[in-house]
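**Q** give me coordinates for this.
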Amino acid sequence: MENYEGHALTAVSLHHTLPQPPERRGEERQTTLLRVGKLLVEGEQRLCVIRNISSAGAMIKLYQPIDEGARIEIEPTPDCPAEATVLWVRDDLAGVAFTDPVDVIAVLKGEGRAGPYRRVARTPRLSVRRPARLCTEDAEFEVLLCDLSLNGAKIVTEQVLVEDSEIALFIDGLPALPGRVRWCHDAMAGMEFDIPIAMDMLAAWIGLDAGSSH
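**A** Numbering: from 1, shown residues only. Prediction:
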């Protein structure tokens, strides 16, 4: 189950409208769903919640400050980035305009992704390279964390792991993450967490991790 408690749904507009600050709500008919996105701001990865989106732009909830006029990339769906400019910022909300119009339905379905591993409705993956500890029923050892999402992680390890076996991942700054091995090959493995990481917690963690890299 995705962990999005406490967050509003995403409003999807099929019209070419730019996002307006909350006090200027449009009256056009909209559909709703829930969407967590990833931002790339000056080379740093961040998480956001997309409050509304159209072919022209989006309104997003921020977890780290951002400047008006900033050039960013936003991924409403993993591996489907769109270049954008920040139009306005109001507290923890920002409006962004896409550089080129996007096909909203195609983007939300992940149709920009290709290859046999394409999946729909995945949460954003944060690319990281840092040590972590992995515990199985029989051993505890160091691994290299490659990417992290609300629901799982990819690691590098020379240890032989068994698919669907129970494991626990320990990452500095986050609580213990128990889960199961979902796949393993070529010294890499993917795990799915039993309980997703809380959105606010992961957003704060990646913000601290980005700050420590400077």
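
**Q** following the helix or strand hosting Leu108, which helix or strand shows up next?
**A** Per DSSP states H and E: Leu108 is located in helix 104-109. Per DSSP H and E, helix 104-109 leads on to strand 126-135 as the next helix or strand towards the C-terminus.

**Q** give the partner strands of that following strand in its sheet and their orientations.
**A** strand 140-148 (antiparallel), strand 166-170 (antiparallel) (DSSP bridges).

**Q** buried stuff in the helix holding Leu108?
**A** Within helix 104-109, the residues that count as buried by 16 or more other CB atoms under 10 Å are 104, 107-108. In short, each C-beta sits where N, CA and C put it, glycine included.

**Q** same for that helix, what does it pack against?
**A** Under the contact criterion of 3 or more CB pairs under 8 Å, 6 or more residues apart in numbering; DSSP states H and E, helix 104-109 touches no helix or strand at all.

**Q** wait, Val162 sits on Arg180?
**A** No: the pair Val162 / Arg180 is not scored as a contact, 9.9 Å apart, by CB atoms under 8 Å.

**Q** what residue is smack in the middle of this structure?
**A** Centroid-nearest residue in the chain: Pro124, 2.6 Å away (criterion: CA atoms, centre = their mean).

**Q** now do the contacts for the closest residue to it other than its chain neighbours.
**A** In this structure, Pro124 finds its nearest non-sequential neighbour in Lys38, 3.7 Å apart by CB to CB, 6 or more residues apart in numbering. Listed by CB atoms under 8 Å, 6 or more residues apart in numbering, the contact partners of Lys38 are 45-48, 74-75, 78, 124-126.

**Q** let's go with 10 Å and repeat that
**A** 45-48, 73-79, 81, 123-127, 149, 206 (CB atoms under 10 Å, 6 or more residues apart in numbering).

**Q** cool, and Leu169?
**A** 132-135, 143, 145, 148, 152-153, 155, 176-179, 191, 193.

**Q** make a PyMOL selection of the buried ones in those.
**A** Of these, the buried ones go into a single PyMOL selection, burial set by 16+ other CB under 10 Å:
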select buried, resi 132+134+143+145+148+152+153+155+177+179+191+193
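
**Q** closest to Leu202 among the contacts of Leu169?
**A** Distance to Leu202 across the contacts of Leu169 (CB to CB) is lowest for Leu148, with 7.4 Å.

**Q** pretty sure the closest one sits against Gly190.
**A** No: in this structure Leu148 lies outside contact range of Gly190 using CB atoms under 10 Å: 11.2 Å.

**Q** could you count how many residues lie near Ile74?
**A** 25 (other CB atoms under 10 Å).

**Q** what strand or helix carries it?
**A** Using DSSP H and E, Ile74 maps to strand 71-75.

**Q** and that strand, what does it pack against?
**A** strand 36-41, strand 44-53, strand 57-61, strand 82-90, strand 93-98 (3 or more CB pairs under 10 Å, 6 or more residues apart in numbering; DSSP states H and E).

**Q** quick one: strands adjacent to the first one?
**A** In other words, strand 36-41. Strand 36-41 is paired, per DSSP bridges, with strand 44-53 (antiparallel), strand 71-75 (antiparallel).

**Q** and if you look at the last one?
**A** Strands flanking strand 93-98 in the sheet, each with its direction: strand 57-61 (antiparallel), strand 82-90 (antiparallel) (DSSP bridges).

**Q** having no further points to raise, I will conclude here.
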